[in-house]
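In: Build me a structure from this.
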Amino acid sequence: MKQVLVAMSMVAAMGVHAQQCQPQGEDCIEVGQWQFAVAVGAGVMTNPLEGGDNIPLFILPYFSYYGDNFFVENTTVGYTFSHQRDLDLSFIVEPNVEQAFFERHHLRSIVAPDKYLDVNGMVVDNLPEAVPPTSDEDNPTKTPSYKPKISIDEITSRDWTIDGGLLLHWYINDTSKLSVSWLHDLGGVYKGQHATLTYSQQLPLPIEANAKLQLKVGAQWQSQQLVDYYYGLRTTDSSDPRLYYQGRSSLSPFASIAYNHRINKHWQLKFNIKHTWLADGISDSPLVTSSGSSSIFIGGLYEF
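Out: Numbering: from 1, shown residues only. Purely as a prediction, here's the structure:
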């Protein structure tokens, strides 16, 4: 169920804000009416964590409601309290999706926490006693001969929480938009905040194509408290001090492209691909095995 919530907020079609629509526009959402859709296809979101499963994306429900000020869009609930011709400012509440990577989905053998990977990628039981590890301070030019790893099955659980804060949209013109959000942990789990800056640009296509191609680029900033809670390692996670890690505030850029081709009144062909480059404050953690995370989905969207 948690994965469905993540998938809904990541891949499902996003409606145009009702207050920015012309009533005759095909993408308009009527004020005061619920909208339902479901995307069916094949996709995956890669998991950068050691021992973590990739998140499959097959059936993605989508729903939304827009009142004069109050709105619901999948897992986001908001209230627009300031609206101008080119700007709107809302307060929103939504679940934090960081914990989705830490879900356990199948039984596996538990790897002892004192195992490491050597330079050839082979698992070794421990570091050779004759060659103790040296710190960067002892020899800053030395390349480490191993990288410590620990699986999500070996650490204490990371909790879900609810975030709340501000969301600003600046409609630059008919084809481009700048979005800025700042959200804080309302549940008191990681006791931090994160902010996202996104620029969206609709790319030109022939009118007869009956399709839309949209590019998004941006970056997400995550506070030290957030990164350390989810990706840091401490005594509650392992008794081996060589695995301890304190997360740092991070700025992770991302880029995505989405293609929608309308087939008829109810059906659209959808293609989405997104990649996030994880900042060093996250990727340096022994929990993380990849410097990025990608998602891809292709299928059909049926609008009820």
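In: Look up the closest residue to W160, ignoring the ones flanking it.
Out: In space, and not counting its chain neighbours, W160 is closest to Q99: 4.9 Å by Cβ to Cβ, 6 or more residues apart in numbering. C-beta: built from backbone N, CA, C; applies to glycine.
In: For the one you found, give me its contacts.
Out: When contacts are counted by Cβ atoms under 8 Å, 6 or more residues apart in numbering, Q99 touches 2, 158-161, 230.
In: could you point out which element follows the one helix or strand G165 maps to?
Out: Applying DSSP states H and E as the criterion places G165 in strand 162-171. Downstream of strand 162-171, the next assigned helix or strand under DSSP H and E is strand 176-185.
In: Can you give me the distance of the nearest residue to W34 once chain neighbours are set aside to D163?
Out: In this structure, W34 finds its nearest non-sequential neighbour in Y65, 5.0 Å apart by Cβ to Cβ, 6+ apart. Here the distance between Y65 and D163 works out to 20 Å (Cβ to Cβ, to the nearest Å).
In: Which one of the two is surrounded by more residues?
Out: Taking other Cβ atoms under 10 Å, Y65 and D163 do not tie; D163 has more neighbours (25 against 18).
In: that older thread, doesn't the residue nearest to W160 fall inside a strand?
Out: No - using DSSP: H, G, I helix; E, B strand; the rest coil, the secondary structure at Q99 is helix, not a strand.
In: pLDDT averaged over stretch 222-241, what's the number?
Out: Average pLDDT, stretch 222-241: 95.
In: cool, stretch 201-213 as well?
Out: Mean predicted lDDT for stretch 201-213 stands at 90.
In: Pull out the buried residues from it.
Out: Going by neighbour count (16 or more other Cβ atoms under 10 Å), the buried part of stretch 201-213 is 212-213.
In: tell me which strands and helices the helix or strand containing G41 is in contact with?
Out: According to DSSP H and E, G41 maps onto strand 34-45. Secondary-structure packing of strand 34-45 (3 or more Cβ pairs under 8 Å, 6 or more residues apart in numbering; DSSP states H and E): helix 2-10, strand 55-66, strand 267-277, strand 292-303.
In: One more pass at 7 Å, please.
Out: strand 55-66, strand 292-303 (3 or more Cβ pairs under 7 Å, 6 or more residues apart in numbering; DSSP states H and E).
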